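Participant: Fold the following, please.
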Amino acid sequence: MENQNGVDQTRPRSIDAKRIRGTIMQSMDHKPAAFDPQGEMPDDMTSGRGNRLRGEIITIEDLDAFKALRRAWEELAAAAQDYSQCATYGFCEVAAARALAKSTPINIAMVYDDGGLLAIWPLAIHRKGLLRIAKGLTCGSGEEYGGPLVRGRADKEAVTAAVSAAMKAHADILEIVLVEEGSVLQEALDAAPQSWMLPLLPHRLGSLPGYAIRLRGIPRWEDFLATLPRSLRENLRRDLKRLNASGRTEIGWCTTVDDAEAVLTWLFANKRQWSQSRGLNTPYLEDDRLKDFFVALAGHTDLSSIPLVAFVKVNGVPVAASVNLVGKSCVEGFFTTYDDAFRLYSVGTLLVEFLVKWSHANDLDFDFRPLEGSYKARWANSETRHKTRIIFLSPRGRLAEFSLLAGHMSRLAAKVRKIIISGFAKVKARVA
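Facilitator: Sure thing, here's the model as predicted:
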């Protein structure tokens, strides 16, 4: 069966750990004939590099089969020019273990060229009513950047091949969250079957602003500080002095799993309380699964070289903390929270300063991640826009058009309502 782009939609192969190891090793030894141990030839794509790109999907049914990919995955990451930590083997193994424990199937899109494994893109197949939805492996928040891990530079050719392979997933819809507008991934996705509504909708509807600090081109920390508003710099010095006067202050990284677990327990309990006090509906904060994920990830990570959990402590007790994903060229501030009792000390801002300074010292950029935030804008020197992209893989996937339409109409109505309320408020202020 083929989709509208002529991509083979037959059921993905399910192969065991031993067969996966054999397949990957044979491909790395440049033996294309052994690429598919079941004799099913993958799609061939002509490459401008002079290579033949070959893509396929494999189905993972147990953790041993997933672990068989570790060596090839880590070698791919070592050869990649850039990646988010959520694309690394360690992060994905913890996510895969949780998905498989819930009997959620995992499909892995793999692309090969004459040099071996070129790209890998793991997807979990979720059920929502009649629909099967392929999504990236997640810690539970569903807010990780989507897309493949690519050897070398993730150019349009390699990413397009990875998208073509991912479209073979045994699903009705492929959902990729937080795709940066103008990125290579967006360009590759633009050619895939998408909602007929997209051209009719306001360009910015459903998009989120992203804020980042490009630090790698700035030689000295003082050079970056000089770009910040003077009031922010003065407040940082004053607030740190006041915090030091309130008790023994520590700002740093958790270097042991036990310390990481203690800080993570406080972080997510505090964030849950903050969310509930504001009447926000945040399902992934309702239990400890998110906390348990990052505790498990800390146990799979060398925290001395790849830190994960940062904190501000006063007299040994956390008053601010964050989970951060350290990738090849960037640190992502993934979750953050602070104790409201220490709000006047700006402990959240002091934590941001520590993280940004550490990023600069390690030749990394810092990404605040998508979502509006005035404090992000004060620090950032780069802004982007991000959207979730929906790709239809089967006729049944088109059923999602109705929920997409309802979602877009709801966001449009909320935007109009906000404009009207703001307009009335301005008129009322003028009359008064």
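Participant: wait, isn't Ala296 in contact with Val94?
Facilitator: Yes: using Cβ atoms under 8 Å, Ala296 is in contact with Val94, at 4.9 Å. (Each C-beta comes from the backbone N, C-alpha and C, glycine too.)
Participant: Compare these two (neighbour count), which wins?
Facilitator: Comparing Ala296 with Val94 by other Cβ atoms under 10 Å, the one with more neighbours is Val94, at 22 against 19.
Participant: residues in contact with the helix or strand that one falls within?
Facilitator: Val94 belongs to helix 89-101 when assigned by DSSP states H and E. Applying Cβ atoms under 8 Å, 6 or more residues apart in numbering, the contact partners of helix 89-101 are 60-63, 66-67, 69-70, 73-74, 77, 85-86, 106, 122, 124, 137-140, 289, 293, 296-297, 300-301, 325.
Participant: from those, which ones fall inside strands?
Facilitator: Among the contacts of helix 89-101, the members found in strands (DSSP state E) are Ile60, Ile106, Pro122, Ala124, Leu325.
Participant: Quick one: residues contacting the fourth one.
Facilitator: Shown in contact with Ala124 (Cβ under 8 Å, 6+ apart): Ala95, Ala96, Ala99, Thr104, Pro105, Ile106, Ala134, Lys135, Gly136, Leu137, Thr138.
Participant: ok, so what distance separates the spatially closest residue to the fifth one that is not a sequence neighbour from Lys102?
Facilitator: Counting by Cβ to Cβ, 6 or more residues apart in numbering, the nearest residue to Pro105 once its immediate chain neighbours are dropped is Ile125, at 4.5 Å. The spacing between Ile125 and Lys102, counted by Cβ to Cβ, to the nearest Å, is 11 Å.
Participant: One more: Arg396?
Facilitator: For Arg396, the distance to Lys102 equals 23 Å [Cβ to Cβ].
Participant: which stretches of the stretch 151-300 of the chain form strands?
Facilitator: 173-180, 208-213, 249-253 (DSSP state E, counting those that start in this stretch).
Participant: Just want the angle from the second one to strand 173-180.
Facilitator: I take that to be strand 208-213. Angle, strand 208-213 to strand 173-180, by axes from the mean of the first three to the mean of the last three Cα atoms, to 10 degrees: 50 degrees.
Participant: which other residues reach strand 208-213?
Facilitator: With contacts defined as Cβ under 8 Å, 6+ apart, strand 208-213 is touched by 178, 180, 224, 330, 356, 359, 365-373, 376-377, 379-387.
Participant: Generate a PyMOL selection restricted to the buried subset of those residues.
Facilitator: Per 16 or more other Cβ atoms under 10 Å, the buried members of these correspond to this PyMOL selection:
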select buried, resi 178+180+224+330+356+359+365+366+367+368+369+370+376+379+380+384+386+387
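Participant: So which of the contacts of strand 208-213 are in helices?
Facilitator: Counted as lying in helices by DSSP state H, out of the contacts of strand 208-213, are Phe224, Val356, Ser359, Lys376, Ala377, Trp379.
Participant: how far does stretch 191-206 stretch from start to finish?
Facilitator: Terminal residues of stretch 191-206 lie 20 Å apart, using Cα to Cα, to the nearest Å.
Participant: For the strands of the stretch 151-300 of the chain, give me JSON lines that also has distance to Val263.
Facilitator: Formatted as JSON lines, the strands of the stretch 151-300 of the chain follow (distance: least, Cβ to Cβ, whole Å):
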{"stretch": "strand 173-180", "distance to Val263": "26"}
{"stretch": "strand 208-213", "distance to Val263": "24"}
{"stretch": "strand 249-253", "distance to Val263": "10"}
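Participant: Which of those strands sits closest to Leu351?
Facilitator: The minimum distance between Leu351 and these falls on strand 249-253, with 6.8 Å, by Cβ to Cβ.
Participant: How far off centre is that closest one?
Facilitator: Chain-centre distance of strand 249-253: 26 Å, with Cα atoms, centre = their mean, to the nearest Å.
Participant: buried sites along that strand?
Facilitator: By 16+ other Cβ under 10 Å, the buried positions in strand 249-253 come out as Thr249, Ile251, Trp253.
Participant: of those residues, closest to Lys156?
Facilitator: Trp253 (36.7 Å).
Participant: What residues are bridge-paired with that closest one?
Facilitator: Here Trp253 sits in beta bridges with Ala310, going by DSSP bridges.
Participant: Helix or strand: which one has Gly55?
Facilitator: Going by DSSP H and E, Gly55 is part of strand 52-60.
Participant: Describe which strands that strand pairs with in its sheet and in which direction.
Facilitator: Strand 52-60 has the following sheet partners, assigned by DSSP bridges: strand 13-14 (parallel), strand 43-46 (antiparallel), strand 106-113 (antiparallel).
Participant: Tell me how confident the model is about the longest one, as a mean pLDDT.
Facilitator: It refers to strand 106-113. Strand 106-113 comes out with an average pLDDT of 98.
Participant: Equivalent analysis for the shortest one, please.
Facilitator: In this model, strand 13-14 has an average pLDDT of 58.
Participant: ok, now the second one?
Facilitator: Averaged across strand 43-46, pLDDT comes to 52.
Participant: Wasn't Thr336 part of a strand?
Facilitator: Yes: assessed by DSSP: H, G, I helix; E, B strand; the rest coil, Thr336 belongs to a strand.
Participant: Right, I'll leave it there.
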